[in-house]
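J.: Kindly return the folded structure for what I paste below:
(one chain, ligands or ions: 2)
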Amino acid sequence: MNNILELKNVDYTYHTPQGETNALSNISLCIEDGEFISIVGPSGCGKSTLLSIIAGLIKPSNGTIKFKGNNIGYMLQKDHLFEWRSIYKNITLGLEIQNKLDKSHIENVNNMLSTYGLERFKNSRPSELSGGMRQRAALIRTLALEPDLLLLDEPFSALDYQTRLQVCDDIYSIIKKEGKTAILVTHDLSEAISIGGRVIVLTKRPGKIKKIIDLKYPEEYSTPFLARNAPEFKNYFNLVWKEVK
Ligand code: ADP
Ligand code: MG
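T.: Ligands and ions are numbered 1, 2, ... in the order given. So this is what the prediction gives:
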């Protein structure tokens, strides 16, 4: 398989007038094209910092990072949809800014709107949508720019528990269907385990890789929601729990 992303011995230290904060230490990690991995770790251990480094927003203090795609998409806890634009206008905002509102990109957006159940809400304002629909709209906005790699920073944590289970399933299937590589950061162990693939456990700050756990569920448990009922789920949970404790 091809690695789309390679990090080697990455450290990161924040420098502020108050002093230095060593946020990440010696992170080495390869991610294959098409993988969906989760990163868990205690609050403040450097998870968001790691995504900012991968996104190229900040440069590592030490170490190297190689990204072999063209384009990275970022999705956050808040959907950042603008109330003064319709859902369609929100979704196409990035394309508009990047001067990419051409026929093929517009067609792609319209296809996603209809495939993922938002066509009827094209002309609605964000406040008219449920929290789950808004997150789907935010994902389509991110996908509209055709990223090779998606970074998801606690994208479900603002949602109530039931919505969160549903939206996690929705977002997971959309990402799989579109064949994207994704990194999900979460502090919710069950959520991380339900995704399948690999879970990377970070230590408390400065975040180091404590353990990488491979997860595999039988075919009939192939979505995050179903995986929670798989016989393996409990064992995986205990394995990860032992590492973060
Ligand atoms: P997480 O996402 O795992 O909760 P972060 O990556 O946001 O953790 O932060 C890691 C550590 O770096 C924390 O101690 C945080 O206070 C510190 N930190 C984050 N951003 C900054 C910043 N811009 N300046 C200084 N320190 C920061
Ligand atoms: Mg964070």
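
J.: Please work out the residue of the protein nearest to ligand 2 and name it.
T.: Closest contact between the chain and ligand 2, by Cβ to the ion, is at S48 (3.2 Å). C-beta here means a position set from N, CA and C on the backbone, and glycine is covered the same way.

J.: In which helix or strand does that residue reside?
T.: helix 47-54 (DSSP states H and E).

J.: elements contacting that helix?
T.: Contact here means 3 or more Cβ pairs under 8 Å, 6 or more residues apart in numbering; DSSP states H and E; on that basis helix 47-54 packs against strand 3-16, strand 19-32, strand 62-67, strand 149-153, strand 181-185.

J.: ok, 6 Å please
T.: strand 149-153 (3 or more Cβ pairs under 6 Å, 6 or more residues apart in numbering; DSSP states H and E).

J.: picking up where we left off before, need the mean per-residue confidence for the helix holding S48.
T.: Confidence over helix 47-54 (mean pLDDT, whole number) is 96.

J.: That helix vs ligand 1: in contact?
T.: Yes. Residues of helix 47-54 contacting ligand 1 under Cβ under 6 Å from any ligand atom: K47, S48, T49.

J.: longest helix anywhere in the protein?
T.: Ranked by residue count, the top helix of the chain under DSSP state H comes out as helix 161-177.

J.: So which residues make contact with it?
T.: Residues from elsewhere that reach helix 161-177 (Cβ atoms under 6 Å, 6 or more residues apart in numbering): Y116, G131, G132, Q135, R136, L139, F156, L159, A182, T223, P224, F225.

J.: Using the three-state scheme, assign the closest residue to the second one other than its chain neighbours.
T.: Spelled out, that is G131. The shortest distance from G131 to any non-neighbouring residue, by Cβ to Cβ, 6 or more residues apart in numbering, is to L159 (5.0 Å). Three-state call for L159 (DSSP: H, G, I helix; E, B strand; the rest coil): coil.

J.: what's the neighbour count on L159?
T.: L159 sits with 19 neighbouring residues when counted by other Cβ atoms under 10 Å.

J.: Can you tell me how far it is from ligand 1?
T.: From L159 across to ligand 1, the span is 18 Å (Cβ to the nearest ligand atom, to the nearest Å).

J.: same question, T21
T.: Distance, T21 to ligand 1, by Cβ to the nearest ligand atom: 4 Å.

J.: Pull the number of nearby residues for that residue.
T.: By the criterion of other Cβ under 10 Å, T21 has 15 neighbours.

J.: For T21, which non-adjacent residue is closest in space?
T.: Closest to T21 by Cβ to Cβ, 6+ apart is Y14, at 4.4 Å.

J.: Touching, the one you found and G44? I think so.
T.: No. The pair formed by Y14 and G44 falls short of the contact definition of Cβ atoms under 6 Å, at 11.7 Å.

J.: doesn't E83 fall inside a strand?
T.: No. Read with three-state DSSP, E83 is coil and lies in no strand.

J.: pLDDT at the residue nearest the centre of the chain, what is it?
T.: In the chain, the centroid-proximal residue (Cα atoms, centre = their mean) is L152; its distance is 2.0 Å. On pLDDT, L152 comes in at 95.
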